[in-house]
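Visitor: Generate coordinates for the sequence data below:
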Amino acid sequence: MPKWGEGISVEALKSLGQGYLVAVGVVWVCCIIALVRGGDAWLGLAYLLIMLFPITGYTALKLLRPNAVGVGTVNWRHLLFGFQGAALAFWTYDVATTYYAINITGLATELNPLGWPMGILGAAAYYIPTVALSYVLLFRLKGNVALYAAVPYTLVTISMASMNLFAGAQNFQLFVDTALLASSVRFDLVALIAGLDVAAPLALRYLTLRPRGQLSFKPH
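Guide: Residues are numbered from 1 along each chain as shown. Predicted coordinates for the structure are as follows:
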């Protein structure tokens with residue numbers, strides 16, 4: 001059985017992070033659509049360009065190192081643990097939009113009996129043990145029984161996280177209805193973000209292809 005601190009924990013954290021980032025990307029796209037359709041289209045454009053920043057950097061790395069990451073078979077343990085990362089992303093989305101709706105706009109109230117921001121602790125009391133138990137089932141316990149037990153456990157977690165996602169979407173609607181990008185900074189901000197989108201892959205290309213200095217020894 002692997003011990004804490006060995007490579008398996010690093011791989012598990014990688015799966016958790018990948019699930020988190022994928023969920024953030026999905027939510028971000030939905031936010032862009034909501035802003036373009038019903039809010040400030042300039043904000044939607046800015047959100048789109050911000051999303052392109054990591055995408056262009058990742059694409060540049062893939063083009064420069066096409067064989068760096070291979071495509072293998074699906075590892076169900078890592079895939080299921082990635083859904084825990086997605087659940088954390090939905091919870092983060094709910095917390096961030098709740099802060100905007102309550103603290104910034106003042107147009108919403110916290111329905112959780114603990115109130116705001118203590119309601120965050122109530123959710124943390126669920127998600128932190130959930131991630132820990134999921135890790136135990138998927139990576140600390142061997143055999144198919146633990147893997148099969150993790151499937152319904154993950155479904156319950158996603159069901160709980162979907163409520164955070166729904167609440168976050170309701171809160172974000174306040175952002176769509178109230179947030180506007182000042183006309184004086186619209187063009188400059190969009191141009192700046194677009195410039196970063198172009199500069200990121202160029203910088204990565206320069207850093208990746210730059211020849212490394214070699215030490216030379218001259219005889220005395």
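
Visitor: Quick check: the nearest residue to Y20 once chain neighbours are set aside vs V198, distance?
Guide: For Y20, the nearest residue in space outside its immediate sequence neighbours is G85; the separation is 3.7 Å by Cβ to Cβ, 6 or more residues apart in numbering. In this view, the C-beta of every residue, glycine as well, is placed from N, C-alpha and C. With the distance defined as Cβ to Cβ, to the nearest Å, G85 ends up 30 Å from V198.

Visitor: Between these two, point out the one with more neighbours.
Guide: For G85 and V198, the more surrounded residue by other Cβ atoms under 10 Å is G85, and the numbers stand at 21 against 11.

Visitor: which residues sit in contact with the more buried one?
Guide: Counting by Cβ atoms under 8 Å, 6 or more residues apart in numbering, G85 makes contact with 15-23.

Visitor: Among those, which ones are in helices?
Guide: If you go by DSSP state H, the contacts of G85 have 15-23 in helices.

Visitor: need those in CSV with pLDDT, can you?
Guide: As requested, the ones in helices among the contacts of G85 are arranged in CSV below (pLDDT from 0 to 100):
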residue, pLDDT
S15, 91
L16, 93
G17, 92
Q18, 92
G19, 94
Y20, 95
L21, 93
V22, 93
A23, 95
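
Visitor: Return the set of buried residues in stretch 116-123.
Guide: By 16 or more other Cβ atoms under 10 Å, the buried positions in stretch 116-123 come out as 116, 119-120, 123.

Visitor: now do stretch 76-90
Guide: Applying a neighbour-count criterion of 16+ other Cβ under 10 Å, the buried positions in stretch 76-90 are 77-78, 80-90.

Visitor: go on, stretch 124-139?
Guide: Residues of stretch 124-139 classed as buried under the neighbour-count rule (16+ other Cβ under 10 Å) are 127, 130-131, 133-135, 137-139.

Visitor: between those, which is closest to S183?
Guide: Within those, distances to S183 taken as Cβ to Cβ reach their minimum at Y127, with 40.6 Å.

Visitor: Model confidence at that closest one, what's the number?
Guide: Y127 carries a pLDDT score of 92 in this model.

Visitor: contacting residues around it?
Guide: 87-88, 91.

Visitor: Kindly reformat those as CSV containing pLDDT.
Guide: Shown next, in CSV, are those (pLDDT from 0 to 100):
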residue, pLDDT
A87, 95
L88, 95
W91, 94
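
Visitor: Relative to Q173, which of those residues is nearest.
Guide: The shortest distance between Q173 and any of these, using Cβ to Cβ, involves W91 and amounts to 18.4 Å.

Visitor: C-terminal to whichever helix or strand the closest one is part of, which secondary structure element comes first?
Guide: Secondary structure here is read from DSSP states H and E; on that basis W91 sits in helix 76-99. Using DSSP H and E, the next helix or strand after helix 76-99 towards the C-terminus is helix 119-135.

Visitor: quick one: average pLDDT of the helix or strand just after that following helix?
Guide: Downstream of helix 119-135, the first helix or strand assigned by DSSP H and E is helix 144-178. Here helix 144-178 scores 92 as its mean pLDDT.
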